[in-house]
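Engineer: any chance you can model this:
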Amino acid sequence: EGASILIHGTEGTDSTLQVTSLAQIILEPRSRTIRGFEALIEREWLQAGHPFQQRCAQSAYCNSKQKWESPVFLLFLDSVWQILRQFPCSFEFNENLLIMLFEHAYASQFGTFLGNNESERCKLKLQQKTMSLWSWVNQPSELSKFTNPLFEANNLVIWPSVAPQSLQLW
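Structural biologist: Below you'll find the predicted structure:
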């Protein structure tokens, strides 16, 4: 309908981002394309200031749980996977893109998910010092790994089932 909405969470960096991002995937067909999904993550997660460094602090080399660590982004990716599984032809990307995003949120040679917000990324000059994950993903040799061969553009709203039998462990 073209109406604007306001969603407010406690800090606006965790569950708020999950809700707004999933709503866009359900309602906005462009968000189900590779470029649209990249733009959604850039806008709703990176520019909005999701603290990736705090939330994704755990690595293979760390044996203690950090206070702010939480798999918020992984929960979002799992939710997208659940919807993708229910509507396999409505997404231009496949599960490989989701797995790759998860891996690079935790350990990456790219600067995209480093730091807790855009201000930190600017102070660290990550744009000058590292390559963007999106630049790598969009190279033709890489893009084919993430493209869904079943994709047919679907301009309709996709309403996923949340019934227990509709959900699978990812």
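Engineer: next, count neighbours for residue 72.
Structural biologist: Residue 72: 21 surrounding residues under other C-beta atoms under 10 Å. C-beta coordinates here come from the backbone N, C-alpha and C atoms, glycine included.
Engineer: same check, this time on residue 95
Structural biologist: Residue 95 has 17 nearby residues by other C-beta under 10 Å.
Engineer: how about the contacts made by it?
Structural biologist: Counting by C-beta atoms under 8 Å, 6 or more residues apart in numbering, residue 95 makes contact with 81, 84.
Engineer: cool, and the one 10 residues further on?
Structural biologist: The contact partners of residue 105, by C-beta under 8 Å, 6+ apart, come to 52, 56, 73-74, 113.
Engineer: again, but for residue 120
Structural biologist: Residue 120 is in contact with residue 53, counting by C-beta under 8 Å, 6+ apart.
Engineer: give me phi/psi at it?
Structural biologist: phi -60, psi -40 (degrees, to the nearest 10).
Engineer: any idea where the helices of this structure begin and end?
Structural biologist: Counting by DSSP state H, the chain has helices at residues 15-27, 34-40, 52-55, 72-86, 95-106, 118-123, 126-129, 133-137, 140-146.
Engineer: could I get those as JSON lines with distance to residue 2 and mean pLDDT?
Structural biologist: Formatted as JSON lines, the helices of the chain follow (distance: least, C-beta to C-beta, whole Å; pLDDT from 0 to 100):
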{"stretch": "helix 15-27", "distance to residue 2": "11", "mean pLDDT": "92"}
{"stretch": "helix 34-40", "distance to residue 2": "18", "mean pLDDT": "98"}
{"stretch": "helix 52-55", "distance to residue 2": "32", "mean pLDDT": "70"}
{"stretch": "helix 72-86", "distance to residue 2": "23", "mean pLDDT": "95"}
{"stretch": "helix 95-106", "distance to residue 2": "29", "mean pLDDT": "93"}
{"stretch": "helix 118-123", "distance to residue 2": "28", "mean pLDDT": "77"}
{"stretch": "helix 126-129", "distance to residue 2": "34", "mean pLDDT": "76"}
{"stretch": "helix 133-137", "distance to residue 2": "28", "mean pLDDT": "94"}
{"stretch": "helix 140-146", "distance to residue 2": "31", "mean pLDDT": "97"}
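Engineer: please name whichever of these is nearest to residue 156.
Structural biologist: Minimum separation from residue 156 across the helices of the chain (C-beta to C-beta) falls at helix 15-27, 9.8 Å.
Engineer: mind listing what's buried along the closest one?
Structural biologist: Counting neighbours by 16 or more other C-beta atoms under 10 Å, one finds that the buried residues in helix 15-27 are 16-18, 20-22, 24-25.
Engineer: fine by me, we can end here.
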